[in-house]
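S.K.: need a 3D model of the following:
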Amino acid sequence: MPQRPKRPTIKDIAAETGLSPAAVSYALRGLQVPPETQQRVREVADRLGYEADPIARALASGRTGTIGVLCSSLEDLWQQSVAAALGRGFLEAERNTLIMDAAADPDREAALAKHLLDQRVDALVTIPVDATSAHWADIAKRTVLVAIGDPLPGATTAAEVVFDNSLGVTDALRTLSLAGHREILVLTQGPRLLRHRPAEKLVYQVAGELDLNLRLVPCPNDLESAADVARAALIEAPQPTAVFCLADSMAYGVYDAARQLGMAIPDELSVLGYDDHPMSRLLTPALSTYHWDVRTLVDAVVERVVKAVDKQRRSRRKLLAPEPRPRESVGGPPR
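M.R.: All right, here's what the predicted structure looks like:
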């Protein structure tokens, strides 16, 4: 019986390139070595017909090559786009992803986080429902934990890629104030928690500084439920003249509710979103909102996760600034 040809190994590539096996391993993963060295190693690997053995790699390193991504709500269209981009980004870094949806439920979030740990993920990336929950501290002790959006104050995270909510919320409420609005409805994601989320705290703080009458209402992200919540809130006294939605998905519900109530946007109701989903510019009128650079976010998360899993230095927090996208959905209050 003819023998199978020997499968090329990292040692074979090292012998061809004159590098150490460790340097070849880093080069194949795009880490720690110059780009020209990475290119040279990949060319030799292709010529020799080298293919990474994921099982052998996992056995040797004690890792699974899988990253858990736990989203607070995949009904939020912006979170859907972030989750998809993270999946692509980790795949480029030769990692697989397990993406799960907490459905805006803190108890479900805690259960799914435990489930991902049981799957032995190399890291857990989260867009948290409840950033102050005690379970994050335990998770951070058991795996690499990286937060998106809001920091996790009770946990020792490997990295945090967070939003500059101070800048975004201040600009949003100031925009509505300068347009003449005083009665403002704010729709926030998820259930009403015992402790306010960072963006919610800022909403109350800035509203006080600007002398605004503000009502904050938790709202789902799916269109039908968001429309139901918005419709009830829009007819409650004192009637708001503007709505600031902490996710564009909720703003779509406001548009639907306004249509049902016969309220014209922006003549009778101004609406402001917060994450610039591509659908927002297609509405009539187009939704004024804020853009957060998803590409920068994903690159920052993937880079920090890979470094932390490979036990390189702990990364600093990265702060993402919003870019205003003023369109036609904000006007003055009705006379």
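S.K.: in contact with Lys11, which residues?
M.R.: By CB atoms under 8 Å, 6 or more residues apart in numbering, the residues touching Lys11 are Pro21. (Glycine included, C-beta is placed from N, CA and C.)
S.K.: next one: the one 5 residues further on
M.R.: Residues near Glu16 by CB under 8 Å, 6+ apart: Val44, Leu48.
S.K.: tell me, how many residues neighbour Ala207?
M.R.: Residues lying near Ala207 (other CB atoms under 10 Å) number 21.
S.K.: after the worst-scoring helix or strand of the chain on mean pLDDT, next one along is what?
M.R.: Ranked by mean pLDDT, DSSP states H and E, the weakest helix or strand in the chain is helix 54-61, scoring a mean of 53. The helix or strand immediately downstream of helix 54-61 is strand 66-71, counting by DSSP states H and E.
S.K.: what packs against that following strand?
M.R.: Other helices and strands packing on strand 66-71, by 3 or more CB pairs under 8 Å, 6 or more residues apart in numbering; DSSP states H and E, are helix 77-92, strand 96-101, helix 106-118, strand 123-126.
S.K.: what mean pLDDT does the third one get?
M.R.: Just to be clear, that refers to helix 106-118. Across helix 106-118, the average pLDDT comes to 94.
S.K.: just the buried positions in it, please.
M.R.: Neighbour counts over helix 106-118 (16 or more other CB atoms under 10 Å) mark Pro106, Arg108, Glu109, Ala110, Leu112, Ala113, Leu116 as buried.
S.K.: now render the residues you listed as CSV, adding distance to Arg192.
M.R.: Below are the buried residues of helix 106-118 laid out as CSV (distance: CB to CB, whole Å):
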residue, distance to Arg192
Pro106, 11
Arg108, 16
Glu109, 15
Ala110, 18
Leu112, 21
Ala113, 21
Leu116, 26
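S.K.: how far does the helix or strand hosting Val302 sit from its chain's centre?
M.R.: Take DSSP H and E as the rule and Val302 turns out to sit in helix 294-309. With CA atoms, centre = their mean, to the nearest Å as the basis, helix 294-309 stands 11 Å off its chain's centre.
S.K.: so where's this protein uncertain?
M.R.: Within the chain, the stretches with pLDDT under 70 are 1-6, 31-32, 52-62, 194, 312-314.
S.K.: for Ser249, find the nearest of the helices and strands packed on strand 66-71.
M.R.: Closest approach to Ser249 among those is made by helix 77-92 (5.0 Å; CB to CB).
S.K.: counting contacts, what elements does that closest one pack onto?
M.R.: For helix 77-92, the packing partners by 3+ CB pairs under 8 Å, 6+ apart come out as strand 66-71, strand 96-101, helix 248-261, helix 294-309.
S.K.: how does it look with 10 Å?
M.R.: Here helix 77-92 touches strand 66-71, strand 96-101, strand 123-126, strand 144-149, helix 248-261, helix 294-309, going by 3 or more CB pairs under 10 Å, 6 or more residues apart in numbering; DSSP states H and E.
S.K.: could these go into a markdown table alongside mean neighbour count and distance to Thr157?
M.R.: Listed next are these as a markdown table, based on neighbours: other CB atoms under 10 Å; distance: least, CB to CB, whole Å:
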| stretch | mean neighbour count | distance to Thr157 |
| --- | --- | --- |
| strand 66-71 | 25 | 13 |
| strand 96-101 | 18 | 18 |
| strand 123-126 | 27 | 9 |
| strand 144-149 | 25 | 5 |
| helix 248-261 | 23 | 26 |
| helix 294-309 | 20 | 9 |
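S.K.: run a quick check on Asp130 versus Arg192, I expect a contact.
M.R.: No - if you go by CB atoms under 10 Å, Asp130 and Arg192 don't touch, sitting 11.2 Å apart.
S.K.: mind checking which of those two has more residues around it?
M.R.: Asp130 (24 against 10).
S.K.: can you classify the more buried one as helix, strand or coil?
M.R.: Following DSSP: H, G, I helix; E, B strand; the rest coil, we place Asp130 in the coil state.
S.K.: distance-wise, check it relative to Asp248.
M.R.: From Asp130 across to Asp248, the span is 22 Å (CB to CB, to the nearest Å).
S.K.: check Gln38 too.
M.R.: Following CB to CB, the distance that separates Gln38 from Asp248 is 39 Å.
S.K.: quick one, domains of the protein?
M.R.: Domain assignment for the chain by automatic domain parsing gives 10-52, 64-163+293-322, 165-291.
S.K.: compare the ones you listed and give me the one nearest Ser329.
M.R.: Taking those one by one with CB to CB, domain 165-291 is closest: 4.6 Å.
S.K.: just the helices in the stretch 101-250 of the chain please.
M.R.: All helices of the stretch 101-250 of the chain, identified by DSSP state H, counting those that start in this stretch, fall at 106-118, 135-142, 165-178, 198-209, 223-234, 248-261.
S.K.: same list, these, but as JSON lines with distance to Leu70 please.
M.R.: Putting the helices of the stretch 101-250 of the chain into JSON lines (distance: least, CB to CB, whole Å) gives the following:
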{"stretch": "helix 106-118", "distance to Leu70": "6"}
{"stretch": "helix 135-142", "distance to Leu70": "10"}
{"stretch": "helix 165-178", "distance to Leu70": "20"}
{"stretch": "helix 198-209", "distance to Leu70": "18"}
{"stretch": "helix 223-234", "distance to Leu70": "21"}
{"stretch": "helix 248-261", "distance to Leu70": "18"}
